[in-house]
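Asker: Okay, sequence plus prediction incoming.
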Amino acid sequence: MSPGKVGRHRVAVRQADREIEVGGEQTILAAALAAGIGYPFGCQSGNCAACKSRLLQGTVELLAYNEYALTEAERGQGLILACRAQPRSDCQVAWLELDETIQQPVRQLDATVTGVTRATHDIVIVRLAVDDGETLSYRAGQYAELRFAGQPARDFSMAAAPGAAELEFHIRAVAGGAVSRFVADAVRPGDRAGVRGPMGFAFLREGHRGPILAMAGGSGLAPMKAIVETALRDGLAQPIHLYFGARSQRDLYLVEHFQALTRQHANFRYDVVLSAADDPAPFRGGFPHDALAADYADLDGAKLYAAGPPAMVDAVAAAGRALGVRAEDIHADPFYAAHELPRSDGAATSAR
């Protein structure tokens, strides 16, 4: 997979039974999507592993990516990330056939804002009702693209378990985030919104029977809430442990909700971890990845789900690997602000 000649190359995509042309600095995924091929993908930034593929022939150059999405051992076995792979010769690729990557079709729906609740000083909970009684089918942990009047589209995770009467989103007003600030300051019940989804591959694997570790930072609590609530609702009996990382107590929300779930379900545990509090009591101090390492010695066979700031997600994934979580059992959704997005060939990546 060493770099070869930069130029235009032919890439055969096995499942599509098609050959596409990929030019210059374009990635295989970008070219495949532009050609209308239903290539599996998620973050498009080398973080989620949804587009992991086998390089059957040829050479590619890989742009920067997170190692938990593609390990050195996997690279040695001929695996690549299509969203980071730029051909340096004619190639043949095949995306990995995983039953768990089957998704509902992406739909474009219109909705009305039914509620805007301030959860913290910088997070609001927005609820939407889809028009004409329709529903958005999704899997717990996925996200959708929202568009409010006069604003560019941004991605936000569904926070309610699938099948809920309304869609729920947790939106944090980030520095320099015009859309998130607009939502926090200007969106009101009755406003209109467009919803396009579902998307993302960091969703609950319902068939898994090992422990579930759900790691959330900030508004990354949204998809972890959906995962935890779905697992408990559906009667999954394995240990389920939710960690919520924040800076201080002013950043906390839904604490009583999750504490109530611990009383209702013997297999559910909930921990708040505060990184900047001089006195975190009654919660824990430090970072989620440190708490994970303190609580467990061996997590082989566990599923680890993580969402929130990229640095937190990276640290959690590294801690999980050190504790024995297999690469294929780490499902991560790092939340990038629009100006932070890693990009390749101008392809859009997930903005929160």
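Answerer: Good, I have the coordinates.

Asker: What helices and strands are in contact with the strand or helix carrying T112?
Answerer: Taking DSSP states H and E as the definition, T112 sits inside strand 107-118. Using 3 or more Cβ pairs under 8 Å, 6 or more residues apart in numbering; DSSP states H and E, the elements in contact with strand 107-118 are strand 123-130, strand 192-199. Every C-beta, even on glycine, is put in place using the N, C-alpha and C of the backbone.

Asker: is it fair to say L29 lies in a helix?
Answerer: Yes - assessed by DSSP: H, G, I helix; E, B strand; the rest coil, L29 belongs to a helix.

Asker: And T27, how far from Y65?
Answerer: 11 Å (Cβ to Cβ, to the nearest Å).

Asker: buried set for the helix or strand bottoming out on mean pLDDT in the chain?
Answerer: Here the helix or strand of the chain ranked lowest by mean pLDDT, DSSP states H and E is helix 72-76, holding a mean of 78. By neighbour count on 16 or more other Cβ atoms under 10 Å, the buried set for helix 72-76 is E74.

Asker: Which SSE is immediately downstream of that helix?
Answerer: Later in the chain than helix 72-76, the nearest helix or strand by DSSP H and E is strand 79-81.

Asker: Mind listing the strands that next one pairs with, and their directions?
Answerer: Paired strands of strand 79-81, with direction, are strand 52-57 (antiparallel) (DSSP bridges).

Asker: Now find how far off-centre the partner strand is within its chain.
Answerer: What separates the centre of strand 52-57 from the centre of its chain is 23 Å, taken as Cα atoms, centre = their mean, to the nearest Å.

Asker: outside of that strand, which residues touch it?
Answerer: 1, 12, 14, 28, 69-70, 74, 78-82, 85, 90-96 (Cβ atoms under 8 Å, 6 or more residues apart in numbering).

Asker: Which of the residues you listed are buried? Put it as a PyMOL command.
Answerer: With 16+ other Cβ under 10 Å as the burial test, the buried ones among the contacts of strand 52-57 are selected in PyMOL as follows:
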select buried, resi 1+12+28+69+70+74+79+80+81+82+85+90+91+93+95
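
Asker: picking up where we left off before, averaging pLDDT over each of the helices and strands packed on strand 107-118, which comes out lowest?
Answerer: Sorting the helices and strands packed on strand 107-118 by mean pLDDT places strand 192-199 lowest, at a mean of 93.

Asker: which ones are touching L221?
Answerer: A159, H170, F244, Y253, L254, A307, G308.

Asker: so it sits in a helix?
Answerer: Yes - under three-state DSSP, L221 sits within a helix.

Asker: Walk me through the domains of the protein.
Answerer: 8-97, 107-201, 212-338 (automatic domain parsing).

Asker: what stretches of this protein score poorly on pLDDT?
Answerer: 1-5, 97-104, 337-352 (pLDDT under 70).

Asker: Give me the contact list for the helix or strand that contains V273.
Answerer: According to DSSP H and E, V273 maps onto strand 268-274. Applying Cβ under 8 Å, 6+ apart, the contact partners of strand 268-274 are 228, 232, 239-249, 252, 255, 258-259, 261-262, 280, 283-288, 290-291, 295.

Asker: now do 7 Å
Answerer: The contact list for strand 268-274, computed with Cβ atoms under 7 Å, 6 or more residues apart in numbering, reads 232, 240-249, 252, 255, 258-259, 261-262, 280, 283-288, 291.

Asker: Paired strands for that strand, with orientation please.
Answerer: strand 240-246 (parallel), strand 284-285 (parallel).

Asker: Take these and lay them out in a markdown table including mean neighbour count.
Answerer: Shown next, in a markdown table, are the strands paired with strand 268-274 (neighbours: other Cβ atoms under 10 Å):
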| stretch | mean neighbour count |
| --- | --- |
| strand 240-246 | 24 |
| strand 284-285 | 18 |
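
Asker: Would you mind putting these into CSV with distance to A165 alongside?
Answerer: Formatted as CSV, those follow (distance: least, Cβ to Cβ, whole Å):
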stretch, distance to A165
strand 240-246, 24
strand 284-285, 35
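
Asker: R326 is nearest to which of the ones you listed?
Answerer: strand 240-246 (17.6 Å; Cβ to Cβ).
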